[in-house]
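Asker: here's a sequence, model it:
(one chain, ligands or ions: 2)
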Amino acid sequence: MSSGLRWEDARAAAYAAGLAAALRPAADVELAACTGRTLAADLPALLPVPHYASSAMDGWAIAGTGPWQLVPAGTGLRPGQAAPVVTGGLIPDGTDSVLRSECGTAATQQLELCPGTTERELAAGRHIRPAGEETAAGAVVVAAGTVLTPAHLAVAAVCGHDALPVAAVPRVALLLTGDEVVTSGIPAPGRVRDTFGPTLPAIIARFGGQVAGSRRLPDDFATTAEAIADCGGDVVVTTGGTGTSAADHLRRVLDADGAAILVPSIRMRPGHPALLARLADGRPLVGLPGNPLAAMMALLTLADPLLAGMTGRPPAPLRTVRAGTALRPLHNQDRLVPYGLAPDGGAVPADHIGSAMMRGLAAADGVMVVPAAGADPGQRLPALDLPW
Ligand SMILES: Nc1nc2c(c(=O)[nH]1)N[C@H]1C(S)=C(S)[C@@H](COP(=O)(O)OP(=O)(O)OC[C@H]3O[C@@H](n4cnc5c(N)ncnc54)[C@H](O)[C@@H]3O)O[C@H]1N2
Ligand code: MOO
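Answerer: Ligands and ions are numbered 1, 2, ... in the order given. A predicted model of the protein is given here:
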């Protein structure tokens, strides 16, 4: 099959659908609970950072040239005076620089320079962190749309914030179809072990969503229709049943629902039967194919940009890799190929990357997008990071 949207158009359509379904309002969440959440508004510094001139070293604040008369810490300095100071301590008024402890010898009342101390150690401003060095008050320190890491939270804390405005987390309803799917043990011939139940919640969380409910469905029209109508959530993700056999009901159910089909299928392998729809009640629905690798490629192509749009983060950036080998063409379809990096840095297809296989993806460094025309060794190709 080579019908459907081009890969990049499918991605763009999913992002646009996410923007249209964005959840509001954002909530203020205390700092410690913000890792992984998406910042909903530009974050300004509430004070200059540092907010006072401080010492970068343990030693003495000095004014003028030595030897210096020692005065108590915290006292303003006149030329020829010095006062003890610790790292992070307030710089007294009148200070020219900080002399670190290795470079001076203090007697009761007097501080002397150690022999051999360089001129550089005595330069004006030496070892002083000026106020506002990292940021001025009011400057944006983290941009809206950033997925917050612990480092961002540290920035927010030093900039005076106790809680941050973060996007609401889309609730994802999972519907896993397939009479043949079993969830434990060794499957009999004709049965398959479920790869989605144990994996999709973690991947969806990486995309900024939260699985709020999960249900297994037989291959049955009425049950599928009822489950889609009743499963709730802000987004529905289904697995399997995207084909056109008598056992595949998703497309007929969407038709009966009056859903708008935004992406009917994608000109990519694996994963071309993947679809994106907007249900009559407005919820987006991502239909993942049953084959496990196909489903993962569809998740990257549709679910990630959809949830990006819904949470206000930009779509995942594409990196560029260098093809480490010749990559064959495929009529009118892009190929999403899990790759490993060879010692020379070239991207080489992983082993075991059939549509129903997961070993290749489990071992991969990323997923490259090989155009329908194929690629020559050395050719630059777009690639996606893995969500783990
Ligand atoms: N005549 C055609 N047949 C197929 C076509 C086609 O174009 N013409 N496309 C093939 C491609 S490509 C894909 S991908 C699949 C899509 O299948 P469905 O989305 O309809 O999924 P199912 O038929 O329900 O299952 C396919 C495959 O996946 C296994 N499966 C399902 N659920 C799970 C699960 N939870 N864990 C692991 N494996 C699962 C299922 O047992 C089947 O083996 O259609 C091709 N056929
Ligand atoms: O494209 Mo299917 O999605 O190869 O398994």
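Asker: now do stretch 246-262: everything it contacts.
Answerer: Contacting residues not belonging to stretch 246-262 are listed as 13-14, 17, 177, 179, 219-221, 224-225, 228-229, 238, 240-242, 244, 275-280, 284-285, 287 [C-beta atoms under 8 Å, 6 or more residues apart in numbering]. (Glycine included, C-beta is placed from N, CA and C.)
Asker: out of the residues you listed, which are close to ligand 1?
Answerer: Restricting the contacts of stretch 246-262 to those touching ligand 1 (C-beta under 6 Å from any ligand atom) yields 240-242.
Asker: what about the contacts of stretch 246-262, which are in helices?
Answerer: Among the contacts of stretch 246-262, the residues falling in helices (DSSP state H) are 13-14, 17, 221, 224-225, 228-229.
Asker: show me where this structure has helices.
Answerer: For the chain, the helices defined by DSSP H cover 7-20, 150-158, 200-206, 221-230, 250-257, 292-298, 304-311, 359-363.
Asker: can you list those in TSV and add mean pLDDT, distance to residue 264 and mean neighbour count?
Answerer: Listed next are the helices of the chain as TSV, based on pLDDT from 0 to 100; distance: least, C-beta to C-beta, whole Å; neighbours: other C-beta atoms under 10 Å:
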stretch	mean pLDDT	distance to residue 264	mean neighbour count
helix 7-20	98	10	20
helix 150-158	98	39	16
helix 200-206	97	22	18
helix 221-230	97	17	16
helix 250-257	97	9	18
helix 292-298	98	13	26
helix 304-311	97	16	26
helix 359-363	98	25	15
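Asker: nearest to residue 35, out of those helices?
Answerer: helix 150-158 (5.8 Å; C-beta to C-beta).
Asker: by contact count, what packs against the closest one?
Answerer: The contact analysis (3 or more C-beta pairs under 8 Å, 6 or more residues apart in numbering; DSSP states H and E) places helix 150-158 against strand 140-142.
Asker: hmm, who's touching the strand it packs on?
Answerer: 39, 42-45, 135, 148, 152, 155-156, 159.
Asker: so what's the residue nearest in space to the middle of the chain up against?
Answerer: What sits nearest the mean C-alpha location of the chain, by C-alpha atoms, centre = their mean, is residue 147, with 5.4 Å. Listed by C-beta under 8 Å, 6+ apart, the contact set of residue 147 reads 36-39, 208, 313.
Asker: just the buried positions in stretch 256-270, please.
Answerer: Residues of stretch 256-270 classed as buried under the neighbour-count rule (16 or more other C-beta atoms under 10 Å) are 257, 259, 262-270.
Asker: I meant to write stretch 208-224 there.
Answerer: Residues of stretch 208-224 classed as buried by neighbour count (16+ other C-beta under 10 Å): 208-209, 211-212, 214, 216-217, 219, 223-224.
Asker: surely residue 161 meets residue 31?
Answerer: Yes: if you go by C-beta atoms under 8 Å, residue 161 and residue 31 touch, sitting 6.7 Å apart.
Asker: looking at the two, which is more packed in?
Answerer: residue 161 (21 against 17; other C-beta atoms under 10 Å).
Asker: not counting sequence-adjacent ones, nearest residue to residue 345?
Answerer: residue 322 (6.5 Å; C-beta to C-beta, 6 or more residues apart in numbering).
Asker: and the buried residues of stretch 256-270 as a markdown table, adding distance to residue 292?
Answerer: As requested, those are exported to a markdown table (distance: C-beta to C-beta, whole Å):
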| residue | distance to residue 292 |
| --- | --- |
| 257 | 27 |
| 259 | 25 |
| 262 | 24 |
| 263 | 20 |
| 264 | 22 |
| 265 | 18 |
| 266 | 17 |
| 267 | 21 |
| 268 | 16 |
| 269 | 14 |
| 270 | 9 |
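Asker: just flag the most distant two among those.
Answerer: Top of the distance list for the buried residues of stretch 256-270 (C-beta to C-beta): 257 and 269, 28.2 Å.
Asker: please enumerate the strands of the stretch 151-300 of the chain.
Answerer: With strands called from DSSP state E, counting those that start in this stretch, the stretch 151-300 of the chain shows them at 163-166, 171-177, 181-182, 192-193, 210-217, 235-239, 260-263, 268-269, 275-278, 284-288.
Asker: check the residue of the stretch 151-300 of the chain found nearest ligand 1 and give its pLDDT.
Answerer: Proximity to ligand 1, evaluated over the stretch 151-300 of the chain using C-beta to the nearest ligand atom, is greatest for residue 290 at 2.4 Å. Among the per-residue scores, residue 290 shows a pLDDT of 97.
Asker: for it, which non-adjacent residue is closest in space?
Answerer: residue 240 (3.5 Å).
Asker: how close does the residue nearest to residue 130 when sequence neighbours are not counted get to residue 91?
Answerer: Spatial nearest neighbour of residue 130, chain neighbours left out: residue 53 (5.5 Å); criterion: C-beta to C-beta, 6+ apart. From residue 53 across to residue 91, the span is 4 Å (C-beta to C-beta, to the nearest Å).
Asker: cool, residue 358 as well?
Answerer: 59 Å.
Asker: looking at the two, which is more packed in?
Answerer: Ranked by neighbour count (other C-beta under 10 Å), residue 358 and residue 91 place residue 91 first, with 22 against 18.
Asker: contacts only, for the more buried one.
Answerer: 52-55, 61, 85, 98, 128.
Asker: picking up where we left off before, also near ligand 1: which of the buried residues of stretch 256-270, exactly?
Answerer: Subset of these in contact with ligand 1: residue 270, counting by C-beta under 6 Å from any ligand atom.
Asker: what's the neighbour count on residue 195?
Answerer: Around residue 195 there are 18 residues (other C-beta under 10 Å).
Asker: would you mind confirming that it makes contact with residue 294?
Answerer: No: contact criterion C-beta under 8 Å: residue 195 and residue 294 do not qualify, at 11.2 Å.
Asker: what residues does the chain have near ligand 2?
Answerer: 269-273, 289, 291, 294, 355.
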